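Chemist: Okay, sequence plus prediction incoming.
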Amino acid sequence: MKAAGTACSDIINLTSVRPHERSENAREDKLQGECMKLYVLPPSPRALKVIALKNHLDLNCEIHLVDLGKGDQLSPEYIAMNPNKKMPVLEDNGFVLWESNAILFYLAAKKPESGLWPSDVQRQADVLRWLAWESAHWDAEACGAVGYEKVSKTVLGLGAADPVFVARGEQNFTRFATVLNESLKGRTWLAGHDLTIADFSVGVWTPSAQLLGLPIAKYPEILRWYDGLAALPAWQASLVRPSI
Ligand SMILES: N[C@@H](CCC(=O)N[C@@H](CS)C(=O)NCC(=O)O)C(=O)O
């Protein structure tokens with residue numbers, strides 16, 4: 001049972017909450033008015049991007065830790081939320097959403113006045129382009145691919161990094177970092193003059209790239225743009241322990 005007076009922003013460890021306690025918590029949420037729940041494992045970049053945005057927008061949201069090393073993502077309750085057995089997941093009043101970039105969109109839509117999801121159709125398409133690029137290339141083929149080999153496999157108990165996959169990830173990093181660096185020339189933010197969710201999505205990999213030994217320092221525009229993100233108070237609060 002939740003202690004009296006607990007707030008939505010409390011951090012809850014999934015493995016330490018027994019099923020009957022979860023249903024009690026759910027009953028209490030109904031009585032007190034539900035808050036959103038984020039199921040995450042910081043310092044994974046996919047967790048940090050949604051936490052940074054939640055902090056930036058000052059949204060009321062409970063943080064549930066998903067310990068991938070202990071197999072929290074494999075429980076029937078978790079699989080019912082995300083059949084991919086991955087984090088992050090957002091739950092809002094019974095609505096369950098996986099994929100970190102979709103979660104960024106959903107959180108931004110809670111505060112349209114923030115402008116983080118633009119109203120103009122061409123700017124929306126521009127932001128969508130970067131979200132798709134992050135998911136397909138920057139994460140899955142470059143930074144995330146190297147992170148999977150060098151760190152995630154150990155956490156998940158899947159053995160040592162495969163040097164062939166690491167080398168392919170490093171090659172892809174050079175290819176896509178060049179695209180990102182060139183695209184940032186003359187722009188404060190990825191989609192132009194205003195901060196958007198694209199910056200949260202793509203930017204979160206910069207400190208990870210550094211930690212993974214990827215040559216991010218060769219790309220001055222990326223570093224300049226990232227300095228702007230790192231200056232946001234919400235970003236600093238979320239990335240106090242940058243890692244992959
Ligand atoms: N495209 C997904 C990727 C999610 C993802 O790969 N999450 C990792 C975090 S390290 C995970 O949960 N891995 C567990 C596994 O692959 O078994 C997103 O952006 O949400």
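Modeler: Here it is on my side, so go on. Residues are numbered from 1 along each chain as shown.

Chemist: hey, where'd the helices end up in the protein?
Modeler: Using DSSP state H, the helices found in the chain span residues 19-32, 45-56, 76-81, 100-110, 121-133, 144-147, 153-155, 163-183, 197-203, 205-211, 220-230, 233-238.

Chemist: mean confidence score for the first one?
Modeler: It refers to helix 19-32. Mean pLDDT, computed over helix 19-32, is 54.

Chemist: wait, what's in contact with the residue nearest the centre of the chain?
Modeler: For the chain, the residue nearest the mean C-alpha position is residue 46 (2.7 Å; Cα atoms, centre = their mean). Going by Cβ atoms under 8 Å, 6 or more residues apart in numbering, residue 46 touches 87, 88, 100, 139, 204. For the C-beta atoms, the positions are set from N, CA and C on the backbone; glycine is no exception.

Chemist: One more pass at 7 Å, please.
Modeler: 88, 100 (Cβ atoms under 7 Å, 6 or more residues apart in numbering).

Chemist: For the ligand, see how far away residue 227 is.
Modeler: For residue 227, the distance to the ligand equals 24 Å [Cβ to the nearest ligand atom, to the nearest Å].

Chemist: can I assume residue 108 is in contact with residue 197?
Modeler: Yes - assessed by Cβ atoms under 7 Å, residue 108 is found in contact with residue 197 at 5.0 Å.

Chemist: any residues in contact with both of those two?
Modeler: Shared contacts of residue 108 and residue 197, defined by Cβ under 7 Å, 6+ apart, comprise 53, 116, 117.
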